[in-house]
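Chemist: could you work out the structure for the sequence below:
(one chain, ligands or ions: 1)
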Amino acid sequence: MDYEGFFKERIGGLKSEGRYRVFADLERHAGDFPRATRYDGDATRDVTVWCSNDYLAMGQHPDVTAAMKTAVDRCGAGAGGTRNISGTNHYHVLLERELADLHGKQAGLLFTSGYVSNWAALGTLASGLPNCVVLSDALNHASMIEGIRHSRAEKRIFAHNDPDDLARQLADIDPGRPKLVAFESVYSMDGDIAPIAEICEVAERYNAMTYLDEVHAVGLYGPNGAGIADREGVAHRLTVIEGTLGKAFGVMGGYIAASDALCDFVRSYASGFIFTTSLPPAIAAGALASVQHVRTAHALRAQQRDRVEQVRRRLAAAGLPHLDNPSHIVPVMVRDAKQCKAISDRLLGRYGIYVQPINYPTVPRGAERLRLTPSPLHSDADIDALVEALATVWAELGVQCAA
Ligand SMILES: *Cc1c(COP(=O)(O)O)cnc(C)c1O
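Modeler: The predicted structure is shown next:
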């Protein structure tokens with residue numbers, strides 16, 4: 001076997017389809033969100049970032065960076081162990097309490113990322129519950145899919161955001177078997193929102209557990225940034241709420257919030273929780289400061305909503321096709337991988353505007369897009385520059401697409 005030749009050939013395939021991933025080499029400017037320096041070989045250029053998941057710019061909030069610096073000075077760089085073997089730092093304990101309180105649950109459990117939290121928690125619940133069936137929304141995130149696959153439990157996929165299909169499938173399953181319904185609140189690519197109350201209703205009827213990924217909602221929705229379930233007054237009906245500390249909270253890490261017994265079960269049986277060094281104390285301290293700040297940051301959330309509205313209005317006025325949805329995610333549809341990449345390259349190279357193209361397998365083929373995430377700190381001038389550049393490039397490249 002020619003190993004090197006194999007790798008190169010497979011990469012060549014991605015390139016010819018126009019979906020080879022090129023990372024923008026960035027140095028973000030703390031205190032000057034959404035600006036960054038982009039490194040391109042020996043050249044550098046200042047760019048405006050339009051695709052960050054640091055939705056509220058909390059990654060550079062002075063409370064957060066100060067908390068991290070203090071924690072480094074007090075505790076050093078790393079945690080020094082797994083949670084079980086000397087690596088539980090007091091900041092982890094405080095953060096888990098804060099997250100439980102945020103979601104109105106008895107307990108919180110931290111993981112090194114949102115990906116790991118989904119993989120480990122779903123994998124452990126679905127493999128630990130004897131003869132469990134997992135009902136998984138058709139558009140669930142890769143981390144949930146991998147966790148369910150890893151559990152080797154039986155999996156049934158229900159139609160996206162469709163409580164009726166879920167009910168039909170649940171009716172089909174032996175009432176004695178444990179059942180786990182896994183879904184998201186805000187779907188990250190289309191920005192649509194699940195009918196959480198209806199899904200809970202169906203799950204309750206069939207005595208199924210519910211697991212809700214609120215990764216793209218925590219910090220942003222609900223009166224205190226606890227997510228969509230809290231906004232809809234149904235957080236207490238969900239068995240597990242999962243979130244990230246890496247998106248609206250601007251730092252890193254993932255978590256679940258649930259009952260004492262469930263969190264204790266996952267803590268005690270999940271390989272992906274047990275056998276890995278815990279988050280650095282400074283990360284936990286920064287995340288804690290961020291969650292505490294965001295819970296009362298009503299003006300920041302209002303400002304983000306205002307910026308999102310403004311971007312949508314300006315895109316519509318310029319005739320640029322974007323998906324209409326009830327969230328902060330603005331997908332500008334291109335529907336062609338090569339064209340999507342070409343638009344992104346031109347925006348970056350000519351205008352210093354950075355929006356990463358989103359191609360298969362992140363979205364289906366034919367659904368390629370630019371995913372804009374307006375923050376509270378994108379100015380009117382930033383929005384004008386974006387829409388003007390996009391309209392020019394759109395015309396130059398002759399993009400033919402309706403949302
Ligand atoms: C980003 C994402 C995750 C993973 O969270 P990280 O903290 O980035 O690992 C989980 N679920 C969804 C829906 C996501 O978009």
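Chemist: neighbours of the residue of the stretch 201-350 of the chain at minimum distance from the ligand, just the number please.
Modeler: Closest approach between the stretch 201-350 of the chain and the ligand, counting by Cβ to the nearest ligand atom: residue 244, at 3.5 Å. Heads up, the C-betas are built off the backbone N, CA and C, glycines and all. Residues near residue 244, counting by other Cβ atoms under 10 Å, number 27.
Chemist: for the ligand, what are the nearby residues on this protein?
Modeler: Within the chain, the residues that sit near the ligand (Cβ under 6 Å from any ligand atom) are 113-115, 118, 141, 143, 184, 188, 213, 215-216, 244, 246, 254.
Chemist: distance of the residue in the stretch 1-150 of the chain that the ligand sits nearest to from residue 140?
Modeler: Proximity of the stretch 1-150 of the chain to the ligand (Cβ to the nearest ligand atom) peaks at residue 114, 2.3 Å away. Applying Cβ to Cβ, to the nearest Å, the value for residue 114 to residue 140 is 13 Å.
Chemist: okay, the two: which has more neighbours?
Modeler: Per other Cβ under 10 Å, whichever of residue 114 and residue 140 has more neighbours is residue 114, with 25 against 21.
Chemist: surely the residue of the stretch 1-150 of the chain closest to the ligand and residue 147 touch.
Modeler: No - the pair residue 114 and residue 147 fails to qualify as a contact (Cβ atoms under 8 Å) at a distance of 11.4 Å.
Chemist: quick one: the strands in the protein?
Modeler: Secondary structure of the chain (DSSP state E): strands at 25-28, 35-40, 43-49, 107-111, 133-137, 154-158, 179-184, 209-213, 240-244, 254-258, 330-333, 353-354, 357-358, 369-372.
Chemist: who wins for proximity to residue 18 among those?
Modeler: strand 357-358 (8.7 Å; Cβ to Cβ).
Chemist: helices or strands up against the closest one?
Modeler: helix 337-351, strand 369-372 (3 or more Cβ pairs under 8 Å, 6 or more residues apart in numbering; DSSP states H and E).
Chemist: in the longest one, which residues are buried?
Modeler: Burial within helix 337-351, assessed by neighbour count using 16 or more other Cβ atoms under 10 Å, is assigned to 337-344, 346-348, 351.
Chemist: hmm, who's touching that helix?
Modeler: Here helix 337-351 makes contact (Cβ atoms under 8 Å, 6 or more residues apart in numbering) with 17-19, 24, 38, 47, 334, 353-360, 365, 368-370, 385, 389-390, 393-394, 396-397, 399.
Chemist: ditto for the shortest one
Modeler: Contacts of strand 369-372 from elsewhere in the structure, counted by Cβ under 8 Å, 6+ apart, are 50-51, 189, 311, 322-323, 329-335, 340, 343-344, 355-358, 363, 386, 390.
Chemist: for it, C-alpha coordinates in PDB please.
Modeler: Provided in PDB are the C-alpha atoms of strand 369-372 (Å, rounded to 0.1, in the frame of the first residue of the first chain):
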ATOM      1  CA  ARG A 369     -23.600  28.900   2.100                       C
ATOM      2  CA  LEU A 370     -21.900  31.800   3.800                       C
ATOM      3  CA  ARG A 371     -22.900  31.700   7.500                       C
ATOM      4  CA  LEU A 372     -23.000  35.200   9.000                       C
END
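Chemist: what lines up beside that strand in the sheet?
Modeler: Here strand 369-372 is paired, per DSSP bridges, with strand 330-333 (antiparallel), strand 357-358 (antiparallel).
Chemist: now render the helices and strands packed on strand 357-358 as JSON lines, adding mean pLDDT.
Modeler: As requested, the helices and strands packed on strand 357-358 are exported to JSON lines (pLDDT from 0 to 100):
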{"stretch": "helix 337-351", "mean pLDDT": "96"}
{"stretch": "strand 369-372", "mean pLDDT": "97"}
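Chemist: which one of the ones you listed lies closest to residue 238?
Modeler: Comparing the helices and strands packed on strand 357-358 by their distance to residue 238 (Cβ to Cβ), the top pick is strand 369-372, with 26.5 Å.
Chemist: buried set for that closest one?
Modeler: 369-372.
Chemist: can you tell me which of these is nearest residue 259?
Modeler: Nearest member of the buried residues of strand 369-372 to residue 259, counting by Cβ to Cβ, is residue 371, at 34.9 Å.
Chemist: so what's that closest one bridging to?
Modeler: For residue 371, the beta-bridge partners under DSSP bridges are residue 331.
Chemist: distance check, it against residue 191.
Modeler: 8 Å.
Chemist: let me know the closest of the buried residues of strand 369-372 to residue 278.
Modeler: Using Cβ to Cβ, those come closest to residue 278 at residue 371, 31.7 Å.
Chemist: could you list the low-pLDDT ranges of this protein?
Modeler: 402-403 (pLDDT under 70).
Chemist: hey, where'd the helices end up in it?
Modeler: Secondary structure of the chain (DSSP state H): helices at 3-16, 62-75, 90-103, 114-128, 142-151, 163-171, 196-205, 228-231, 260-269, 271-274, 281-295, 298-317, 337-351, 380-396.
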